[in-house]
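> Please find the sequence and the predicted model below.
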Amino acid sequence: MAWFKKDKDITSKRVNVPEGLWVKCNSCKEIIYRQEVDKNLKICPKCNYHFRISANERITLLADEGSFVEIGIDLASVDPLNFKDQKLYKDRLKDAREKSNTNEAATAGPALINGHPAILVVLDFSFMGGSMGSVVGEKFIMAAEKATKEKLPLISIASSGGARMQEGIISLMQMAKTSAAISRFKKTKMPYISVLCDPTFGGVSASFAMLGDMIIAEPKSLIGFAGPRVIEQTIKQQLPDGFQTAEFLLQHGMIDMIVNRKELKQTIANLISLTAGNK
């Protein structure tokens, strides 16, 4: 005698769940309805983790509607070293452009932030990890020079793994170039506000990202130069809990404030108003 009987009608029915309907939080590991995360400005409603967002999303978040005008839009990286690792650098660039729907890892230009004119430079981690090659450096310098000439505040938003190894020493040169451009800009007495997002590492953190008059970070962002495993192997010691998080850096005086993404635009506008007036 059969104790169980399969119902063919039931077993043949499968629920088709659309791909991308759910997202897993990198911090609390909860599975969350993607639409809920999107409505919350890509912030986890469970633990306040700030997901990475694109340069275009960041500009939409910060700039007044219709006020942003991109500069250096035609600049694109080339392959000066004919570099190849597991893939040709040319192919990596092509894939990155298709994936990120942008020409490079940096987007720059003038904008209004709650009515205050400023120059924005935004890195996009989805484009080769937001790495800084010759074009990223050049776009930052163009933005800094425009801010210098027009005596406007300069705002950078970093999200990067560091220098772009496929361009070798040319990418390392951008550290000195961007730092020099900031030095020239600071003679205007206008504020340079640096916003650090998850993650900000390597040559970017070792140059323009940490040179701001005011340094802001999003909650729980990882910020540093080398990764924790490299540091532990070098100093032969275990690192403290929360090392290289925005909260750890704030506690140790490396950054000035941690600001929720929802409050970032108003905070930047307030800082511009306090330091640059209504110019």
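Looks like it arrived, so ask away.

> and G130, what is it in contact with?
Remark: with contacts taken as Cβ atoms under 8 Å, 6 or more residues apart in numbering, G130 is in contact with 105, 123-124, 158-161, 204. Every residue, glycine included, has its C-beta placed from N, CA and C.

> Return the subset of those residues lying in helices.
Of the contacts of G130, the ones assigned to helices by DSSP state H are V204.

> Buried residues, the helix or strand N56 falls within. List them.
For N56, the host element (DSSP states H and E) is helix 55-62. Neighbour-count burial for helix 55-62 flags 55, 58-59, 61-62 (criterion: 16 or more other Cβ atoms under 10 Å).

> which among those residues gets closest to S179?
A55 (21.8 Å; Cβ to Cβ).

> what residues does the strand or helix carrying T275 touch?
Assessed by DSSP H and E, T275 sits inside helix 261-276. Counting contacts by Cβ under 8 Å, 6+ apart, the residues outside helix 261-276 that touch it are 41-43, 50, 61-62, 113-116, 118, 152-153, 155, 190-191, 193, 195, 213-214, 216, 218, 257, 259.

> For that helix, buried residues please.
261, 264-265, 267-269, 271-272, 276.

> Distance of the residue lying closest to L123 once chain neighbours are set aside relative to N56?
With sequence-adjacent residues excluded and distances taken as Cβ to Cβ, 6 or more residues apart in numbering, L123 is closest to G130, at 4.2 Å. Using Cβ to Cβ, to the nearest Å, we find G130 at a distance of 14 Å from N56.

> before we move on, what about L172?
In terms of Cβ to Cβ, L172 sits 28 Å off from N56.

> so how far is the helix holding N56 from its chain's centroid?
How far helix 55-62 lies from its chain's middle: 11 Å, per Cα atoms, centre = their mean, to the nearest Å.

> Tell me which helix or strand comes right after it.
helix 89-100.

> Distance from the chain centre to that next one, please.
Counting by Cα atoms, centre = their mean, helix 89-100 comes out at 18 Å from the chain centroid.

> Now the next helix or strand after that helix - C-alpha only, PDB.
Once helix 89-100 ends, the next helix or strand along the chain (criterion: DSSP H and E) is strand 106-113. Listed next in PDB are the C-alpha coordinates belonging to strand 106-113 (Å, rounded to 0.1, in the frame of the first residue of the first chain):
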ATOM      1  CA  ALA A 106      35.500  59.300 -14.100                       C
ATOM      2  CA  THR A 107      32.800  61.700 -14.900                       C
ATOM      3  CA  ALA A 108      33.300  65.500 -14.300                       C
ATOM      4  CA  GLY A 109      31.700  68.800 -14.900                       C
ATOM      5  CA  PRO A 110      30.000  71.900 -13.400                       C
ATOM      6  CA  ALA A 111      26.700  71.500 -11.600                       C
ATOM      7  CA  LEU A 112      24.400  73.200  -9.000                       C
ATOM      8  CA  ILE A 113      24.000  71.700  -5.600                       C
END
